[in-house]
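Q: Build the 3D model from these lines:
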Amino acid sequence: MKRDFDQDCRGAITLNGLARRLGRTREQVMQRWIAETSEQGAHPGADGGQGLTACFAYMLAEVCASLLVADSDASLTDHVGIAQPGRFWPDDWRVTDLFRNMDLMQRFLKHEIRAYFGPVAASVDVHMRAHDVVERTFRAMIENAIEAYMQRQAGEVAAAQDSLRTALTALKLTEERLRVATSAAGIGIFEWCGASRQGVWENRRMYEITGQPEDRGPLTETEFMTSVVHSDDVELLRSHFQARRVSGEPVHVAFRLHRITDRALRTVEMFGYLRPPIHQDDYTFIGSLCDVTERADAEAKLRDADRRKDIFLATLAHELRNPLAPVRNAAHLLGHSAGADPAKREWLRNVIERQTGHLSHLIDDLLDVSRITTGKIELKREVFDIRLALDHALEITMPAASQRHHDIVRLPLEHPVYVHGDPARITQTFSNLLDNAIKYTDEGGRIVVCATLVGQEVSVTVSDTGTGISDDALPHVFDLFVQGSCHGEPSRGGLGIGLSVCKTLTEMHGGTIAARSAGKNRGSEFEIRLPVCQGRDQDAKDGAEAGLPASDRLRVLIVDDNSDAAVSLAMILDAHDVRTAHSGEEALQIAAAFEPQIVFLDLGLPGISGYEVARRLREHQAAGKRVEIVAVSGYGHPEDVAHSAEAGCDTHLVKPVDIEELLAIIRRMTGEKRKREP
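A: Numbers count the residues shown, from 1 in each chain. Sure thing, here's the model as predicted:
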């Protein structure tokens, strides 16, 4: 009936009529098409099928438009125009969906076309044209859809390539930052493969830490365990790995290893992750290795210092209580002995005096440690005979030696040997060594004190037949708060500061101290070496014995507000014509009349400073009689030297003055004088 209606309206079956029929039956065709696609399991799209409906409507509209164009002008039968090529197909549909669904729709349309034309013979030509138009339209839609799909894919590929390039660039930057960070931190990166039993080392730091030559390549896990890891730590490392393989936790362990090249013992820290194995031995470990030897040593030293501090505090409490007990007892007895005989009261007084003296000695030692550790200790230097300090030290310690019945053997110097230093501090150093020998030698022992001249140094050794020092304890014997445990006799230990004070005071005098022992119960020996200088007797030897003529004698002015320093230096130079001054004003007055050839000038003078004195000496020096000005200062930075040079000083010496350096200046001046006055 419908076909007849169209035919009656148009007078003939036409493509125009077919287009109108398709428009009227669109809903029925679409429902059949959607039902068919659903049965075939077609992709519904992200919108749940709304895109499918729109797609059908668009394709049907394109077909109808092509039929209308072809009907209006038969010459346009080959022309197919697509309004928006490829835009009708949803972006999330696959090409296979495109072909299947368009093929299905084309079948439905052909069915409608056959229904429209029926068996009318006159309409065969139009019928064929209709099929041809539909065929061409669908072909054009497919081609355009494929082209659009390819363009979209090309765009996605280009975008993916851009993203990949961006990601690769970011990855390279990250790797570079990682290399810089691991290099700066000294971290080695490596990988071990359980299946292949191979190792991969990602940077040179692994070779540096292990000492493995680079031309030999990385070590495998087995080689690392057997040839590098300390034998005592191998089991620790293996058990740690095994536990982490079971728990899945990261590996974090510190252990010791021997470098392959020099077998140096180092402490390292390993951190990494074990990838879960597919098979039992198919695991991979990615880790880092860092040499933490310095940190481990520092931590060990801190722990040891903390331990020694605790021991020191306990010992200090004990040492302080020991003298307090007899003092308290004596005070009690004095309070209840009003009628006691004078001898008893004198004995009690001596007890209090001895014990308070012991307390005072302990406190002095503590104060010395405080001054030394804070850098506040000051040396009162002068030139003196070392034999005097040694004799004084023996005098101080002799009562304690006699009480323990020790035999003190002295091998003294036959002639005076002069040093430039603080006599009280050097005496303290010698007495500390003697106290140590007396304390750690059993009663009736033998202590030998020997002083000899060795080149430009004087050597003083104190040896005993006491408890000795073990090889392990010997390197720590001068550490602060190390009590008698170094001698294997903690019960005899004092505060553990005496030998440390000895070392510091000796080094402050430019000397060295050493300890030697053949082992436990085999005695010990301590040696102090100090640089010697030329005292009065030695200067006389350099001057008078060498026949220093009057023409070689220099006029020397020494300016120092410390009279001891000025006088002791004058004693060293007494082969020459020496004057001393203790202020800037006095120096200028003496210089005006004395006309010195060389001035040793302390820059830190009160009143007129040494800088001003140097300027005035330069201003008033006689023509042709240039004075040599040697600055003497406690400051020796480059800016201090430059400041003294600007003031007119020729040389800058830093306190304490090296006597040999000072005498070298004198010898140079004497030589120059000989050249000028043959």
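
Q: what packs against the host helix or strand of W192?
A: W192 belongs to strand 187-193 when assigned by DSSP states H and E. Contacts defined by 3 or more Cβ pairs under 8 Å, 6 or more residues apart in numbering; DSSP states H and E place strand 187-193 against helix 124-185, strand 198-201, helix 205-210, strand 284-291. Glycine gets a C-beta too; all of them are placed from N, C-alpha and C.

Q: Among the ones you listed, show me which one is buried the most.
A: A comparison of these by mean neighbour count, using mean count of other Cβ atoms under 10 Å, puts helix 205-210 on top with a mean of 21.

Q: Relative to L569, how far out is D560?
A: 7 Å (Cβ to Cβ, to the nearest Å).

Q: quick one on the thing from earlier: which residues does the strand holding W192 contact?
A: 181-182, 198-203, 205-206, 208-210, 218, 220-221, 284-290 (Cβ atoms under 8 Å, 6 or more residues apart in numbering).

Q: same thing with stretch 349-356?
A: Stretch 349-356 is contacted from outside by 323-324, 326-327, 330-331, using Cβ under 8 Å, 6+ apart.

Q: Of those residues, which qualify as buried by neighbour count?
A: Buried members of the contacts of stretch 349-356, counted by 16 or more other Cβ atoms under 10 Å: 323, 327, 330.

Q: my read: the last one touches K344, true?
A: No - counting by Cβ atoms under 8 Å, A330 does not reach K344; the two are 10.5 Å apart.

Q: shared neighbours of D560 and L569, which are they?
A: Taking Cβ under 8 Å, 6+ apart as the criterion, D560 and L569 both touch F600.

Q: any low-confidence regions in the stretch 301-450 of the chain?
A: Along the stretch 301-450 of the chain, segments meeting pLDDT under 70 span 311-312, 314-322, 325, 336-340, 358, 361, 369, 372-376.

Q: What segments of it are helices?
A: Assigned by DSSP state H, counting those that start in this stretch, the helices in the stretch 301-450 of the chain fall at 342-373, 386-403, 423-439.

Q: okay, these in JSON lines with mean neighbour count and distance to K673 next?
A: Listed next are these as JSON lines, based on neighbours: other Cβ atoms under 10 Å; distance: least, Cβ to Cβ, whole Å:
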{"stretch": "helix 342-373", "mean neighbour count": "14", "distance to K673": "44"}
{"stretch": "helix 386-403", "mean neighbour count": "17", "distance to K673": "33"}
{"stretch": "helix 423-439", "mean neighbour count": "23", "distance to K673": "35"}
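
Q: Ok, which of those comes nearest A565?
A: Comparing those by their distance to A565 (Cβ to Cβ), the top pick is helix 423-439, with 13.8 Å.

Q: Please tabulate the contacts of stretch 349-356 in a markdown table, including the columns distance to A70.
A: Converted to a markdown table, the contacts of stretch 349-356 look like this (distance: Cβ to Cβ, whole Å):
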| residue | distance to A70 |
| --- | --- |
| P323 | 129 |
| L324 | 128 |
| P326 | 134 |
| V327 | 133 |
| A330 | 138 |
| A331 | 136 |
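
Q: Let me know the pLDDT of T174.
A: Looking at T174, its pLDDT reads 79.

Q: possible to save the helices of the stretch 301-450 of the chain as TSV with distance to V63?
A: Formatted as TSV, those follow (distance: least, Cβ to Cβ, whole Å):
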stretch	distance to V63
helix 342-373	102
helix 386-403	123
helix 423-439	116
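
Q: Out of those helices, which gets nearest to N101?
A: Nearest to N101, of the helices of the stretch 301-450 of the chain and by Cβ to Cβ, is helix 342-373 at 91.5 Å.

Q: follow-up on the earlier one: now distance to H406 too, for the helices and strands packed on strand 187-193, in TSV please.
A: Formatted as TSV, the helices and strands packed on strand 187-193 follow (distance: least, Cβ to Cβ, whole Å):
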stretch	distance to H406
helix 124-185	57
strand 198-201	63
helix 205-210	54
strand 284-291	50
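
Q: For E269, what is the enclosing helix or strand?
A: Residue-wise, E269 maps onto strand 265-275 under DSSP H and E.

Q: partner strands of that strand, parallel or antiparallel?
A: Applying DSSP bridges, strand 265-275 is found paired with strand 251-258 (antiparallel), strand 284-291 (antiparallel).

Q: what's the angle from that strand to strand 187-193?
A: Interaxial angle, strand 265-275 versus strand 187-193 (axes from the mean of the first three to the mean of the last three Cα atoms, to 10 degrees): 50 degrees.

Q: pLDDT (mean, whole number) over stretch 26-41?
A: 74.

Q: got the buried residues for that stretch?
A: 26, 29-30, 33-34, 37.

Q: Put the alpha carbons of it into PDB.
A: The C-alpha trace of stretch 26-41 is given here as PDB (Å, rounded to 0.1, in the frame of the first residue of the first chain):
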ATOM      1  CA  ARG A  26      13.800   5.200   9.900                       C
ATOM      2  CA  GLU A  27      12.600   4.300  13.400                       C
ATOM      3  CA  GLN A  28      11.700   0.800  12.500                       C
ATOM      4  CA  VAL A  29      14.900   0.200  10.600                       C
ATOM      5  CA  MET A  30      17.000   1.700  13.400                       C
ATOM      6  CA  GLN A  31      15.300  -0.500  16.000                       C
ATOM      7  CA  ARG A  32      16.000  -3.600  13.900                       C
ATOM      8  CA  TRP A  33      19.600  -2.500  13.300                       C
ATOM      9  CA  ILE A  34      20.200  -1.800  17.000                       C
ATOM     10  CA  ALA A  35      18.600  -5.100  18.000                       C
ATOM     11  CA  GLU A  36      20.800  -7.000  15.500                       C
ATOM     12  CA  THR A  37      24.000  -5.300  16.600                       C
ATOM     13  CA  SER A  38      23.200  -6.100  20.200                       C
ATOM     14  CA  GLU A  39      22.700  -9.700  19.400                       C
ATOM     15  CA  GLN A  40      26.100  -9.800  17.600                       C
ATOM     16  CA  GLY A  41      27.800  -8.200  20.700                       C
END
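
Q: Domain map for this structure?
A: Domain assignment for the chain, taken from automatic domain parsing, gives 2-156, 186-291, 298-373, 384-533, 536-676.

Q: Quick check: which of the ones you listed is nearest to A170?
A: Across the domains of the chain, closest to A170 is domain 186-291 (Cβ to Cβ), at 19.1 Å.

Q: Between its first and last residues, how far does the closest one reach?
A: Terminal residues of domain 186-291 are spaced 7 Å apart (Cα to Cα, to the nearest Å).

Q: I'd like the distance from it to the chain centre, please.
A: Here domain 186-291 is found 23 Å from its chain centre; the criterion is Cα atoms, centre = their mean, to the nearest Å.

Q: Ok, stretch 396-408 next?
A: 51 Å.

Q: what does stretch 145-152 give?
A: Using Cα atoms, centre = their mean, the offset of stretch 145-152 from its chain centre is 61 Å.

Q: Among the helices and strands packed on strand 187-193, which comes closest to T397?
A: Closest approach to T397 among those is made by strand 284-291 (48.0 Å; Cβ to Cβ).
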